[in-house]
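A.B. asks: whatever this is, show me its structure:
(one chain, ligands or ions: 1)
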Amino acid sequence: MRIDIITVLPELLKSPFEASILKRAIEANLVEVHFHNLRDYTSDKHKSVDDTQFGGGAGMVMMVEPIDKCISALKEKRQYDEVIYMTPDGETLKQGIANQLSLKENIIILCGHYKGVDQRVRDHFITREISIGDYVLSGGELGAAVLCDAIIRLIPGVLGNETSALTDSFQDNLLAPPIYTKPREYKGWQVPELLFSGNFPKIEKWREEQAYQRTKERRPDLLED
Ligand code: ADE
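C.D. replies: Next comes the predicted model:
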């Protein structure tokens, strides 16, 4: 998989890809992530990427031309499955979207800034608009990092244990059950006895029940879907 990220702040975005699972995924060539500085696609000496709104109103708007030049240059080299725009008014990121996107070959992610992009960018280039939640960030970069993390960990081979992504919270619309590790007892706090029974069908059933209970208590909306 190849991800091209278009941003005015590439330095803000790089560090999540330089550690842990994302770093290993890149080093193992399971994913390529490329950053494109929108200012490299400007034609004036100030390298302007934004301007004031037509019709008046506070806040700057990202101009169509640098974005067109950047996306068109990328599209000349390969076909893209999706051109995603990170924006608070997009569809809210859910596990299902990450699952779908992890199966794509090439995607572009455009990070918005200021008031956002000129509507013509959205009308003519963007195939999908994603929000990471109902709050407004200063730009799309942190949202893009969240989206990439959610996608990349699902690519086969990225997680050491192939099954572990399948037992995450939200796969199957259920939260994950409680988990325990050593020591068996700490300050008198015990691990449920059943987990030492060796009765794996029973343990599996307990985990399913716990996941269901936890979901019912914390996120009943997930059970309605
Ligand atoms: N840009 C600004 N706020 C955002 C959000 N909540 N999700 C994605 N991109 C954003």
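A.B. asks: what's the first-to-last distance across stretch 25-41?
C.D. replies: Taking Cα to Cα, to the nearest Å, the span from the opening residue of stretch 25-41 to its closing residue is 29 Å.
A.B. asks: buried stuff in it?
C.D. replies: For stretch 25-41, burial by neighbour count (16 or more other Cβ atoms under 10 Å) applies to 25-26, 31, 33, 35-38, 41. The C-beta positions use only the backbone N, C-alpha and C, and glycine is treated the same way.
A.B. asks: I'd like these laid out as a markdown table, including secondary structure, pLDDT and distance to the ligand.
C.D. replies: Shown next, in a markdown table, are those (DSSP: H, G, I helix; E, B strand; the rest coil; pLDDT from 0 to 100; distance: Cβ to the nearest ligand atom, whole Å):
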| residue | secondary structure | pLDDT | distance to the ligand |
| --- | --- | --- | --- |
| 25 | helix | 96 | 22 |
| 26 | helix | 97 | 23 |
| 31 | coil | 98 | 20 |
| 33 | strand | 97 | 18 |
| 35 | strand | 98 | 17 |
| 36 | strand | 98 | 17 |
| 37 | strand | 98 | 18 |
| 38 | helix | 98 | 15 |
| 41 | helix | 98 | 20 |
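A.B. asks: can you list these in JSON lines and add distance to residue 76?
C.D. replies: Written out in JSON lines, the entries for those read as follows (distance: Cβ to Cβ, whole Å):
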{"residue": "25", "distance to residue 76": "27"}
{"residue": "26", "distance to residue 76": "24"}
{"residue": "31", "distance to residue 76": "22"}
{"residue": "33", "distance to residue 76": "20"}
{"residue": "35", "distance to residue 76": "18"}
{"residue": "36", "distance to residue 76": "13"}
{"residue": "37", "distance to residue 76": "18"}
{"residue": "38", "distance to residue 76": "17"}
{"residue": "41", "distance to residue 76": "13"}
